[in-house]
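In: Next one to model:
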Amino acid sequence: LWNINGFFDGEGDTYTYVPSDNDVISCYLTSDLTCVTVNPAVSNEITIHVLPVVTSSLLISASSNPVCEGSQVTFTASTINGGPAPQFIWRRNGLIAGTNNPVFILTPSNNDVITCQLIPDFTCYFPVTVNSNSILMSVSPLNPVSVSIETGPVAVCLGEPVTFTAIPVNGGFTPRSEEHTS
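Out: Alright, predicted model coming up:
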């Protein structure tokens, strides 16, 4: 006979039930042999400690977005109830790109989708794996800056002014001239 907190609750060689915290379980055995002593025999007691189910969550962030082509971005995973040694699986466009670190560094391409999966390190956690938010990367192509100059006639008379015109490429909305002498 199985005894839970002083009440009999089952028979047989094994016993299964859903315990509450601090339940005390013991077993009583009544022998059908003759000439036995200490019948029924009482087992040792086992106290069950029920741990609460912990809900885990995961949020990832990027050090910058949008970025220029060729720039490295640091992605950071922030967990709630990840446990003392959680596992991280980073994905780039659904493919595994890094593991077991809450920080992931990548030089992304335009429209890359970065996600992370958390496997918490708790005895009782839910859900078993946690998926992060998705970060859609916006990567701008590099715009090489250049400038060329034009002038009117290159042969002028002494004392005549010459006008030069700077023609910028990718100079932005208000390019700035710098004076250089050699």
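In: hey, let's count contacts and neighbours off CA atoms from now on
Out: Noted.
In: next helix or strand past the lowest-mean-pLDDT helix or strand in the chain?
Out: The helix or strand of the chain with the lowest confidence, counting by mean pLDDT, DSSP states H and E, is strand 125-126 at a mean of 74. The helix or strand immediately downstream of strand 125-126 is strand 130-131, counting by DSSP states H and E.
In: Beta-bridge partners for the closest residue to residue 130 other than its chain neighbours, please?
Out: Distance criterion C-alpha to C-alpha, 6 or more residues apart in numbering; nearest residue to residue 130, sequence neighbours excluded, is residue 118 at 5.0 Å. Taking DSSP bridges as the rule, residue 118 bridges to residue 88, residue 130.
In: is it true that residue 118 touches residue 83?
Out: No - with contact defined as C-alpha atoms under 8 Å, residue 118 does not reach residue 83; the gap is 10.4 Å.
In: re earlier: hmm, who's touching the least confident helix or strand of the chain?
Out: Contacts to strand 125-126, defined as C-alpha atoms under 8 Å, 6 or more residues apart in numbering, come from residues 53, 54, 55, 56.
In: okay, the residues you listed in TSV with distance to residue 131 and neighbour count next?
Out: TSV is the format used below for these (distance: C-alpha to C-alpha, whole Å; neighbours: other C-alpha atoms under 10 Å):
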residue	distance to residue 131	neighbour count
53	18	12
54	16	17
55	13	16
56	10	21
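In: List just the nearest of the residues you listed to residue 96.
Out: Lowest distance from residue 96 to the contacts of strand 125-126 (C-alpha to C-alpha) belongs to residue 56, with 21.2 Å.
In: so who does that closest one touch?
Out: Residues in contact with residue 56 (C-alpha under 8 Å, 6+ apart) are 79, 80, 81, 82, 120, 125, 126, 127, 130.
In: Skipping its backbone neighbours, what lies nearest the first one in space?
Out: Taking C-alpha to C-alpha, 6+ apart, and ignoring the residues beside it in sequence, residue 79 has residue 58 as its nearest neighbour in space, at 4.6 Å.
In: Neighbours of the one you found, how many?
Out: Using other C-alpha atoms under 10 Å, residue 58 has 21 other residues around it.
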